[in-house]
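Novice: predicted model follows, preceded by the sequence.
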Amino acid sequence: MEGDILWRSEFNQPENDYRDYRETWLRVCKNISQGGRPVVLCGCSIPSQFENCIERRYFTDLYYLALVCDDDSLTRRLKGRPSWRKSDSDEHIKAHIRFNHWFKNSAEKITPKITILDTSSEPSETTVEKVRKWILEKI
């Protein structure tokens with residue numbers, strides 16, 4: 001499931017680390033899971049944003065995968081997006097590079113750990129296959 005489909009302006013609460021948004025997503029995932037279906041939630045977050053949620057108690061395990069790349073690839077990809085996304089400003093690119101570095105530097109140091117998949121030099125079809133295999137290993 002794409003995490004952005006539930007985004008609304010009232011969820012824009014950085015002061016509580018977007019807690020209501022994460023709780024809402026875990027509630028949706030819980031209900032899907034109770035119907036016997038595994039859920040893959042795609043979006044931009046860090047483990048603590050889910051691990052500290054009340055709804056987290058309904059899941060035995062949550063697994064985290066971060067798709068990262070080198071700075072040049074990330075810059076090129078952000079600048080290549082449609083202009084309406086407004087992702088080509090220097091400030092926006094620097095923020096994404098910092099976040100990308102955070103994943104690379106923190107994945108093994110935090111609990112739960114984050115699996116890192118470097119997509120710098122792979123075609124998207126290869127990345128898709130690796131993500132598919134990772135998901136199937138987890139479920």
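Specialist: Structure received.

Novice: tell me where the protein has strands.
Specialist: Using DSSP state E, the strands assigned to the chain run over residues 64-68, 114-118.

Novice: could you identify which of the ones you listed is most buried?
Specialist: Highest mean neighbour count among the strands of the chain (mean count of other Cβ atoms under 10 Å): strand 64-68, with a mean of 17. Yep, even glycine has a C-beta here, placed from its N, CA and C like the rest.

Novice: tell me the strands beside that one, with direction?
Specialist: strand 114-118 (parallel) (DSSP bridges).

Novice: any idea which of the strands of the chain gets closest to Glu55?
Specialist: strand 64-68 (16.3 Å; Cβ to Cβ).

Novice: quick check, distance from the closest one to the centre of its chain.
Specialist: Centroid separation between strand 64-68 and its chain, computed with Cα atoms, centre = their mean, to the nearest Å, is 7 Å.

Novice: and stretch 5-21, how far from the chain's centre?
Specialist: In terms of Cα atoms, centre = their mean, the centre of stretch 5-21 is found 15 Å from the chain centre.

Novice: show me the domain layout of the protein.
Specialist: The chain is divided into the following domains under automatic domain parsing: 1-62, 64-121.

Novice: end to end, how far does the last one reach?
Specialist: This stretch, domain 64-121, spans 22 Å end to end (Cα to Cα, to the nearest Å).

Novice: gap between it and the chain center?
Specialist: 10 Å.

Novice: residue ranges with poor pLDDT in the protein?
Specialist: Regions of the chain meeting the criterion pLDDT under 70 are absent.

Novice: from Cys29, how far out is the residue lying farthest from the centre of the chain?
Specialist: The outermost residue of the chain relative to its centre, with distances by Cα atoms, centre = their mean, is Gly35 at 23.6 Å. The spacing between Gly35 and Cys29, counted by Cβ to Cβ, to the nearest Å, is 11 Å.
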